[in-house]
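Asks: with the input below, show me the fold.
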Amino acid sequence: MSFSQDVKNELIQTEYESSCCERALIYGLCIFSKSFSSYGISMQSENESIARLYKRLIKKYSNVSCSIKKSPQGRSYSINIENKTDCDKILGAFHHNDKGSLKINHANFDCENCVHAFIAGAFLACGTVSNPNKDYHLEFTVPFLNLTKSFITLLDELELSPKLANRKGYNIIYFKDSEAIEDMLYLMGASSAMFEMMNVEIVKDIRNKANRTANCEAANIEKTVQASFAHITAIEKIKSTKGLDYLKNDLKEIAVLRIENPEMSLSELSKLAGLSRSGVNHRLKRIVEIAGSIEE
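Replies: Prediction:
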């Protein structure tokens, strides 16, 4: 089961203390579903539990009975209400008429939590969220422009600041920021999914920091190996052509230390020599220069 389906199943199982919030949930589910007008009210979902919730709450809050139809392939479930009297009854139950374009009617919200339940209903109807292990993305796919605008206004009032895009004629209201998605999940009532996402984010952060540290250490080791190789090559050249006594005592001492400790960094070598790192570096550079001036 996908993370998105886990979120929806958590929202379906939410029990509301006040009936006004449950009513706001089905209102969101209704107006963000396939159609909501006197010509027809319908919904379609791959989740049978969402269809059952729709059927139960439509009956409870508008006293209209409806049936669930399963697709021949068994991949989706739909409810279609075509009787105009029933459609008008449902519209009236949510303070809608068939005049003008479809927009959110705030008369359906009796308390602050009603808005949260309404957004949960919208998500059940047309929302998806990516698996946080792969990507951070939550979106609502809305076919109606004015409904899109009024939904964005509502989300902005909650300081959620969604983004808007268009995909194949549909309006896509989406979030890409992990904190905003976590806020949305919590607000809708999917707290378990929110904590799961936060845990994934923490693990990702730890892993990324570990990778950066490992990459940094690997780079430092590579630099140490390259520098040590250059030093030892120069020292061996001097030793084979002139002998180490060719070097001044301070250079000879550091040359012997480098030969004996090829794996050490300059910092480690400086502690062993009782010198500053820059002092060791300067002497080794001088040895490399001397080796470069010797003709073989």
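
Asks: can you give me the buried ones in the host helix or strand of K55?
Replies: Following DSSP states H and E, one finds K55 within helix 48-62. Buried positions in helix 48-62, judged by neighbour count with 16 or more other Cβ atoms under 10 Å: S49, I50, A51, L53, Y54, K55, L57, I58, Y61, S62. Where C-beta positions appear, they are placed from N, C-alpha and C, glycine not excepted.

Asks: make sure the third one is actually in contact with M43.
Replies: Yes. In this structure, A51 sits in contact with M43. The criterion is Cβ atoms under 8 Å, and the distance is 7.0 Å.

Asks: quick check: neighbours shared by the two?
Replies: Counting by Cβ atoms under 8 Å, 6 or more residues apart in numbering, the shared contacts of A51 and M43 are S78, I79.

Asks: helix or strand with the lowest mean pLDDT in the protein?
Replies: Within the chain, confidence by mean pLDDT, DSSP states H and E is lowest for helix 191-241 among all helices and strands, at a mean of 82.

Asks: give me the mean pLDDT for whichever helix or strand comes after it.
Replies: Downstream of helix 191-241, the first helix or strand assigned by DSSP H and E is helix 249-260. For helix 249-260, mean pLDDT is 87.

Asks: can you list contacts of the following helix or strand past helix 249-260?
Replies: Sequence order places helix 266-273 as the next helix or strand after helix 249-260, per DSSP H and E. With contact meaning Cβ under 8 Å, 6+ apart, helix 266-273 is reached by 224, 227, 253-254, 257-258, 261, 264, 276-277, 279-281, 284.

Asks: what two of these are the furthest from one another?
Replies: The largest separation in these, counting by Cβ to Cβ, is between T224 and E253 at 20.3 Å.

Asks: show me which of these two is the more surrounded one.
Replies: T224 (18 against 15; other Cβ atoms under 10 Å).
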